[in-house]
Each structure stands twice: as C-alpha cells, then as structure tokens.
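In: Build me a model from this:
(one chain, ligands or ions: 2)
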Amino acid sequence: MPAPEPSSPQSASADVERILRGPSGLGTAGLRLVRREEPPTPPAPSAVPAEGDPIPGLYHHPVPEPDPVRVEEVGRRIKAWALDEVDLYPEEWEEQFDGFSVGRYMVACHPDAPTVDHLMLATRLMVAENAVDDCYCEDHGGSPIGLGGRLLLAHTALDALHTTQEYQPRWAESLHSDAPRRAYRSAMEYFVRASTPSQADRFRHDMARLHMGYLAEAAWAQTDHVPEVWEYLAMRQFNNFRPCPTITDTVGGYELPADLHAQPAMQRVIALAGNATTIVNDLYSYTKELASPGRHLNLPVVIAEREGRSERDAYLKAVEVHNDLMHDFEAEAAAVAVAFPVPALRRFLRGVAAWVDGNHYWHQTNTFRYSLPDFW
Ligand SMILES: CC(C)=CCC/C(C)=C(\C)COP(=O)(O)OP(=O)(O)O
Ligand SMILES: [Mg+2]
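Out: Ligands and ions are numbered 1, 2, ... in the order given. Sure, this is the predicted structure:
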C-alpha cells in the first residue's frame, strides 16, 4: 500500500473528522452515523460552569439528544428485566437505579443500533457490570476484602466452568445466588445468542481485564497505597469502560473480524478510547468520590498526592491528560482507518468514537450522580 501523503494540520484534522464522524458536504448528512453539531463554543477560562455543563477546557464532541422514544422503551424494558428476570435490587435502591438513566446512556452511546433489541444487549451488560462494581467493590456492600474470590466466581457466569458431573450442578446453582451473578448470567446469555463466538470471546477477555483492574484497585485500598501516576493509569486501563465500546459491532448488528480487532494498532486505538472515557469518569465523579468514606483513588487525587499539586492544579492537569488521550485516540483511529480500508473496520471505529462521545454526554448531563468541583 502506498505511504499516505504528508498532510497539513488542517487537512489531518478534517481526515479525522471524516473518518470518525462520517463524510461532510452537500447531501451527505444521511451517511453519517452521528449527526454533526455546531462545534462547541469553548468556555472562557474563567467561566463558571452551570449544573449540567461540560468541564471547562475538556476536549469533547457534543452529541444530539438521544431519541426519546428509544430512551423510554429501553428504560421500560431494562426495569422489567432487572425486577422480573434477575431480581436485581431491593425497593429502596429504585431511585438510584432510575437516577442512573441507563436508557439515555445506552441510546446516546449506540446511535447505529438497528433495533431496541440490539440496544438491550448493551443495556443489560451495563447494568450487570454496575451491579458487580456496586455490590462487590463499592457502595452497596462491596469491600476489597475477599473480592478476588467473589469476582472469580462471578466471572464464571461469563466464562463457564467445565467440570465433572458431580460438581457442575453446584456451580450452575451458584449463578442464581446473588444479584451480580444473576445479572451477569442473564445478560451474557442474551449477548451470546446475538454475537458470534469470537465477539463473545472478545467480551470475556475484556471482562477478565476489568476484573483484574478491580483487584489492583482493591489491593491498593487494603494497604492504603497511593500508586505513582503512571501506575494509577495502568490500573485504570484495566478498571475501565473498555468492555462497553468494544461490543459496538454486536450492538450494531455486524462484526469486526477477529484478526482486525487483534491488530496491535487497533488494540492501541481501543485502549486509548477506553482510557479517555474512564478519565472522563474520574473527572465528573471527582466530587462524589471525595465525599465518599475513606480515600477513593481517581486521577486528580493521585496527581495531587504524587506530584505535590493543589487539588485544583491536579484536577486541571488531569483534564490535560484526558485531552491528550482523546487527541491520540482520534489521530491513531484515523491512521488505522487508512491502513485497513475495510468497511466493517471503519464502522467499528465510528462506533467506538460514538461511544466515547455518548459516554461524555451521559457524565456531563447526569446531575443526579455527578457535580463539578468549584475550580473555575
Ligand atoms: C460499565 C463498566 C464496564 C464499568 C467498569 C468500570 C467502572 C465501574 C467505571 C469505569 C466507572 O468508574 P467508577 O467506579 O469510578 O464509577 P462512578 O464514579 O462511581 O460512577
Ligand atoms: Mg469514578
């Protein structure tokens, strides 16, 4: 393949825009997966953000309001699944379940899902993943103590135990014994029915990564260890949203072939996207985590501690780290799209970019869960 012509910074940025957000020009609006919005007006450095505003200076792409009809239907169906199929939560957690707004989240992140059934694949998994995080690791009875055993057993709801006839039934029963396992088991059953074997295996691998990240976070919490910034970033690359954008093709009803997914350049793009989305969480959940009992690690907290910065400087540096990750993600995604001109690969990259943007939108607008610090 001939080497690409060197391009000016303006044309390089137009290439990124075209590849990640679709073609532009007269008559092309219908070809894009994500509707182009007017570029956001960057806030003046001193502007104080109002409730629901984006973090000043955070590099992001606004998305159109998610389709309210789909949001409502996904919301209705996920509640029925949570209550009737997996008995997910007691009545007193209902407000938090509703406040999570998972329908709005998933509709924003998957604009190319052909049907609500496809959206439900992502929505059940998102709810199940949060149930494991809340009930095993965090605020709803979670603890670092004994986490490894709990996570491993829950992981078998995704990646089945194959053992002797004597022991198999005890394992099968165990998958119904708590809400996180019931949720993982059921969500995975739906996912396996809709995905190819290699898509399901990709997902299992990403979930094993996630569980390894939870364990490192828990180990550090147990010994009250504050890692170096790069060590924290390594942990957060695993304790990460990655399993969500990487199912974009199953949710879109197509497949990124396994050999293209496995390309080192594609793996880097996926990791950069996952890392940017996860640092978005660190920034929007900063005040919630400061208010929670004990020390909750997130990027601003680790930068402040390890680099001796004020809380505000550390937060602003974390914004820069996020922005660098986003720029690298976009540049490398554009390079991969040029190197492998395969329609399914381009669609997958657009799907990952849409997930990144939808994830930002949800964090920004979820004022039930998140609020910004007073740094501007
Ligand atoms: C949905 C999914 C795969 C989540 C995995 C990791 C995770 C829970 C996050 C990236 C969110 O981070 P955090 O636990 O800090 O969440 P909140 O800040 O409490 O919303
Ligand atoms: Mg957080």
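In: Could you give the average pLDDT over stretch 205-212?
Out: The pLDDT scores in stretch 205-212 average 98.
In: What of stretch 218-228?
Out: pLDDT averaged over stretch 218-228 gives 95.
In: Run the contact check for that stretch versus ligand 1.
Out: No: residues of stretch 218-228 contacting ligand 1 under CB under 6 Å from any ligand atom: none, with a closest distance of 11.8 Å. The way it works is simple: take the backbone N, C-alpha and C, and place the C-beta from them, glycine included.
In: Which positions within that stretch qualify as buried?
Out: Using 16 or more other CB atoms under 10 Å as the burial criterion, the residues of stretch 218-228 that qualify are 218, 220, 221, 227.
In: In contact with residue 249, which residues?
Out: Taking CB atoms under 8 Å, 6 or more residues apart in numbering as the criterion, residue 249 is in contact with 199, 255, 256, 344, 347, 348, 351.
In: How about the contacts made by the residue in the chain positioned nearest to ligand 2?
Out: Closest residue of the chain to ligand 2, CB to the ion: residue 285 (3.2 Å). Residues in contact with residue 285, defined by CB under 8 Å, 6+ apart, are 298, 363, 369, 370.
In: leaving aside the residues next to it on the chain, what's closest to the second one?
Out: With sequence-adjacent residues excluded and distances taken as CB to CB, 6 or more residues apart in numbering, residue 363 is closest to residue 284, at 4.0 Å.
In: before we move on, what about the last one?
Out: Nearest-residue entry for residue 370: residue 284, 4.3 Å, with adjacent residues in sequence omitted and distances by CB to CB, 6+ apart.
In: can you count the residues close to the one you found?
Out: As a burial measure, residue 284 scores 23 neighbours (other CB atoms under 10 Å).
In: Convert stretch 80-92 to PDB, retaining C-alpha atoms only.
Out: Extracted in PDB, the C-alpha atoms of stretch 80-92 (Å, rounded to 0.1, in the frame of the first residue of the first chain):
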ATOM      1  CA  ALA A  80     -38.700  -5.200  33.700                       C
ATOM      2  CA  TRP A  81     -35.500  -7.300  33.200                       C
ATOM      3  CA  ALA A  82     -34.000  -6.000  36.500                       C
ATOM      4  CA  LEU A  83     -37.100  -6.700  38.500                       C
ATOM      5  CA  ASP A  84     -38.700  -9.700  36.800                       C
ATOM      6  CA  GLU A  85     -35.800 -11.700  35.300                       C
ATOM      7  CA  VAL A  86     -32.900 -11.200  37.700                       C
ATOM      8  CA  ASP A  87     -34.300  -9.700  40.900                       C
ATOM      9  CA  LEU A  88     -31.600  -7.100  40.800                       C
ATOM     10  CA  TYR A  89     -32.300  -4.700  43.600                       C
ATOM     11  CA  PRO A  90     -34.500  -4.100  46.700                       C
ATOM     12  CA  GLU A  91     -37.200  -1.400  46.500                       C
ATOM     13  CA  GLU A  92     -35.100   1.100  48.400                       C
END
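In: Filter the contacts of residue 285 down to the ones in helices?
Out: Counted as lying in helices by DSSP state H, out of the contacts of residue 285, are residue 363.
In: Just the buried ones from the contacts of residue 285?
Out: The buried subset of those (16+ other CB under 10 Å) comprises 298, 363, 370.
In: Now the most centrally placed residue in the chain: which helix or strand?
Out: Nearest residue to the geometric centre of the chain (CA atoms, centre = their mean): residue 241, 3.0 Å. Residue 241 is part of no helix or strand, with elements assigned from DSSP states H and E.
In: Does stretch 156-172 reach ligand 1?
Out: No: among the residues of stretch 156-172, none lie within reach of ligand 1 under CB under 6 Å from any ligand atom; the closest is 12.1 Å away.
In: correction: stretch 89-102
Out: No: judged by CB under 6 Å from any ligand atom, stretch 89-102 stays clear of ligand 1, getting no closer than 8.8 Å.
In: got a list of contacts for that stretch?
Out: 74-75, 78-79, 82, 88, 123, 126-127, 130-131, 140, 179, 362, 366, 368-369.
In: Buried subset of those, written for ChimeraX?
Out: Buried subset of the contacts of stretch 89-102, written as a ChimeraX selection, criterion 16+ other CB under 10 Å:
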select :74,75,78,79,82,88,123,126,127,130,131,140,179,362,366
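In: separation between the residue nearest to the centre of the chain and residue 228?
Out: With distances taken as CB to CB, to the nearest Å, residue 241 is found 23 Å from residue 228.
In: now do residue 311
Out: Note on residue 311: its distance to residue 228, by CB to CB, is 18 Å.
In: Over to residue 219?
Out: Separation of residue 219 from residue 228 (CB to CB): 15 Å.
In: element containing residue 329?
Out: helix 311-339.
In: Any residue of that helix touching ligand 1?
Out: No: if you take CB under 6 Å from any ligand atom as the test, helix 311-339 misses ligand 1, and the best it gets is 13.3 Å.
In: Against which helices or strands is that helix packed?
Out: helix 9-21, helix 264-284, helix 299-307, helix 343-365 (3 or more CB pairs under 8 Å, 6 or more residues apart in numbering; DSSP states H and E).
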